[in-house]
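fold the stuff below for me.
(2 chains)
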Protein chains: 2
Amino acid sequence: MSIEPVRVALIQMACVASVAENLDHAAEMVRQAARDGAQIVCLPELFRAQYFCQREDHRLFALAESIPGPSTARLSAVVREAKITLIASLFERRAPGIYHNTVAVLDHASAEPDNIAGLYRKMHIPDDPLYYEKFYFAPGDLGFRAIPSSHGPIGALICWDQWFPEAARLTALMGAETIFYPTAIGWHPSEKAEFGTAQYSAWKAIQRAHAIANGVFVCAVNRVGHEHGDVLLDGMEIQGPGDHTPANGIEFWGGSFICDPFGRILAQASHNQEEILTATLDSALVETTRQHWPFLRDRRIDAYANITRRMLD
Amino acid sequence: MSIEPVRVALIQMACVASVAENLDHAAEMVRQAARDGAQIVCLPELFRAQYFCQREDHRLFALAESIPGPSTARLSAVVREAKITLIASLFERRAPGIYHNTVAVLDHASAEPDNIAGLYRKMHIPDDPLYYEKFYFAPGDLGFRAIPSSHGPIGALICWDQWFPEAARLTALMGAETIFYPTAIGWHPSEKAEFGTAQYSAWKAIQRAHAIANGVFVCAVNRVGHEHGDVLLDGMEIQGPGDHTPANGIEFWGGSFICDPFGRILAQASHNQEEILTATLDSALVETTRQHWPFLRDRRIDAYANITRRMLD
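Predicted coordinates for the structure are as follows:
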């Protein structure tokens, strides 16, 4: 498939307590990116709220919404107006008691409701101190996908997925030549001095490695700013856990980046401010890179079956 | 399995035309590493000769040898004397017409012939200009293994294997907590200025990523020096291809390194000289890292079956 080079923009944004304000702010940053020439725009994970998974609170399921639903309705208007493709990470209410951490790809050319070209539901769900996602999200059941768009098939994986080579591999084998990673990852203030550099370095290295192993572009977009997880939704106010001091909460590390199919950094964001990060991705480089580094040719598909085992003991 | 911290040494060496000299030199560097306290020592890929796969020449099959054979006999004497575990990469003659690029793990405590605790046969075989390995080596048929040693199970993969996340994953699932990568990789002189930095960076990133994804130590050991592929074996002299000028051949980039289960560099070698690179690896860090970054817990083994497909089209 021959595709024209495409301009992508990653929205590295900060989130406040008010859900309405976050949605307004996201829409405005997406419009700005489009005015600057972006054709595919990607928002960070669950940008509509502060990262609420810092605790387990049943009231927060009120944040979930259907897809299509209010957020996709709002964003699809922006998508049609700006004639873009938008990757939006949402808290999906699929059925009572079944909620997902889901990406919707909205494409201006899609004839589906709210221009939804496809969904991906987060397959790998974390559960760690301040990241209690297994409480909120059922594991995805759509598998790994390449979602059709005006600019060819797009891969979208979500945050914790980025630590699993299998997810990137299967998404690439589905035909995606670019993988987006909407993300919400940060430092625990008490750990930053000792582990902060190594954590960011590992996060970046493993995603560059997905680009290299699969010969695909990788676009990782993180939120930024210190959050305590406060949520203000339709007049309902839910405070985040613990003292609201700098010693608590999560300092989201920003550091969004775009790399090419050999892991070379094309664009790099800071750790401490909102940014619209852009690059032009040329599909021709995927094929050239794979010709020069023919890993997909040499995979030993006869010998990988045990990948489906937990442990080979 | 609780295992004492172990001192490892990687032999970053240069190779000359004479096979006899390379074997002597390797044995001496291994002895030196052991004198300095190393308990596990790893040699680079096919250290017994210059990298002969720069061309396809049937005469070079004369380099192959049985395992056990002359090289393992020679090295096992060193292993017993120094009471070490040695990872040796050899050109294996298994049967007439079946040759492999093979690692033998020699352990002083092994009761097997030549102290051979186990073999691994390179599963992923490259074929690129100056790296014509598919001509010489049949693909490995032993799968991915953890080889028992006096210091617990050891993973050994070989060079091109390092670009395949599946290889590291399966080796780790077999129980290896350290993966060694004997390697022969370098720059084409004509490409070094434009691509050299990116190539070394990609090589290092993807191996660090294997450490991170699997929570294992990774020890990558490369040869160093500019080679034209000349071979001198038992009086037989075979010149490498092309003019023996700096514009031809391969400049092996050294740069061996050891990283911990979160991808942190513990030891780093230079690009231009022989070195014995050492670090102490503590198995306890594998478990701690996996508790804090529980990727093995969250793998979606129900959703990976298509990894055994060439392409999902």
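
write out the residues of the stretch 1-150 of chain A neighbouring chain B.
A:123-126, A:128, A:139, A:143-144 (C-beta under 8 Å from any C-beta of the partner chain). C-beta coordinates here come from the backbone N, C-alpha and C atoms, glycine included.

need the longest helix for chain A.
Ranked by residue count, the top helix of chain A under DSSP state H comes out as helix A:192-214.

work out the gap between that one and the centre of the chain.
16 Å (C-alpha atoms, centre = their mean, to the nearest Å).

what comes up buried for that helix?
Neighbour-count burial for helix A:192-214, with 16 or more other C-beta atoms under 10 Å in any protein chain shown as criterion, is recorded at A:195-196, A:199-214.

so for chain A, the centremost residue is which one?
A:Pro182 (1.2 Å; C-alpha atoms, centre = their mean).

which secondary structure element contains that one?
strand A:178-183 (DSSP states H and E).

which elements pack onto that strand?
Contact analysis of strand A:178-183 by 3 or more C-beta pairs under 8 Å, 6 or more residues apart in numbering or on different chains; DSSP states H and E lists strand A:40-42, strand A:85-95, strand A:155-156, helix A:165-173, helix A:192-214, strand A:217-222 as its packing neighbours.

could you dump the ones you listed to a markdown table with distance to A:Cys53 and mean pLDDT?
Conversion of those to a markdown table gives the following (distance: least, C-beta to C-beta, whole Å; pLDDT from 0 to 100):
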| stretch | distance to A:Cys53 | mean pLDDT |
| --- | --- | --- |
| strand A:40-42 | 20 | 98 |
| strand A:85-95 | 10 | 98 |
| strand A:155-156 | 19 | 98 |
| helix A:165-173 | 20 | 98 |
| helix A:192-214 | 18 | 97 |
| strand A:217-222 | 15 | 98 |
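
in TSV: the ones you listed, plus distance to B:Thr178.
TSV is the format used below for the helices and strands packed on strand A:178-183 (distance: least, C-beta to C-beta, whole Å):
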stretch	distance to B:Thr178
strand A:40-42	37
strand A:85-95	37
strand A:155-156	32
helix A:165-173	19
helix A:192-214	18
strand A:217-222	28
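
and of those, who's closest to B:Met236?
Comparing those by their distance to B:Met236 (C-beta to C-beta), the top pick is helix A:192-214, with 39.5 Å.

of all the helices and strands packed on strand A:178-183, which one is nearest B:Ala34?
Proximity to B:Ala34 (C-beta to C-beta) singles out helix A:192-214 among the helices and strands packed on strand A:178-183, at 31.3 Å.

that older thread, out of the residues of the stretch 1-150 of chain A next to chain B, which sit inside helices?
Going by DSSP H, the helices hold none of the residues of the stretch 1-150 of chain A next to chain B.

what about the helices in chain A?
Using DSSP H, the helices found in chain A span residues A:19-35, A:70-82, A:133-136, A:165-173, A:192-214, A:283-292, A:295-298.

give me the buried positions along stretch A:62-75.
Going by neighbour count (16+ other C-beta under 10 Å), the buried part of stretch A:62-75 is A:62-65, A:67-69, A:71-72, A:74-75.

neighbouring contacts of that stretch?
A:19, A:23, A:26-27, A:30, A:48-49, A:52, A:86, A:88, A:90-94, A:99, A:102, A:104, A:106, A:113-116, A:119, A:231, A:233, A:236 (C-beta atoms under 8 Å, 6 or more residues apart in numbering or on different chains).

now do the end-to-end distance for it.
One end of stretch A:62-75 to the other measures 20 Å (C-alpha to C-alpha, to the nearest Å).

near chain B, which residues of the stretch 201-313 of chain A?
Contact residues, the stretch 201-313 of chain A versus chain B (C-beta under 8 Å from any C-beta): A:201-202, A:205-206, A:208-210, A:212-213, A:262-264, A:292-296, A:298-313.

if we use 6 Å, what do you get?
Proximity of the stretch 201-313 of chain A to chain B, by C-beta under 6 Å from any C-beta of the partner chain, involves residues A:202, A:205-206, A:208-209, A:212-213, A:262-264, A:295, A:298, A:300-301, A:303-308, A:310-312.
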